[in-house]
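Peer 1: Return atomic coordinates for the entry below.
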Amino acid sequence: MLSKKMLWGSLTALVLLIATSGVTLAEMSAHSSEQNSQFNHIEQPLGLKVGVAIAGLALIGLELWWFLIYKSPES
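Peer 2: So this is what the prediction gives:
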């Protein structure tokens, strides 16, 4: 099971992630009117979006398995 230390670490990481993304969204909305003339929106194909999302989730799952579940065989 999860130890208290791992639980607090995960909770802290989640709070930092949420706080950072909130600041980023606020900065993006403040500068969006200025930068619209500089950057063009490029629509990506749906298959590419789905593939990138699945690959990202697979990598996250692999990291979670490696660090939380996998037990190396004793030498």
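
Peer 1: And residue 69, how far from residue 60?
Peer 2: Distance of residue 69 to residue 60, computed by C-beta to C-beta, to the nearest Å: 13 Å. (Glycine included, C-beta is placed from N, CA and C.)

Peer 1: Strands of the chain, start to end?
Peer 2: Along the chain, no segments are classed as strands by DSSP state E.

Peer 1: mind checking which helix or strand of this protein has the lowest mean pLDDT?
Peer 2: Within the chain, judged by mean pLDDT, DSSP states H and E, the helix or strand with the poorest mean is helix 4-35; its value is a mean of 69.

Peer 1: just to revisit the earlier point, who has more neighbours, residue 69 and residue 60?
Peer 2: Just comparing residue 69 and residue 60: by other C-beta atoms under 10 Å the higher neighbour count belongs to residue 60, 10 against 7.

Peer 1: For residue 53, see how far away the more buried one is.
Peer 2: 11 Å.

Peer 1: swap in residue 11?
Peer 2: 25 Å.

Peer 1: before we move on, what about residue 15?
Peer 2: Applying C-beta to C-beta, the value for residue 15 to residue 53 is 24 Å.

Peer 1: With residue 40 instead?
Peer 2: Distance, residue 40 to residue 53, using C-beta to C-beta: 23 Å.

Peer 1: same deal with residue 8?
Peer 2: 29 Å.
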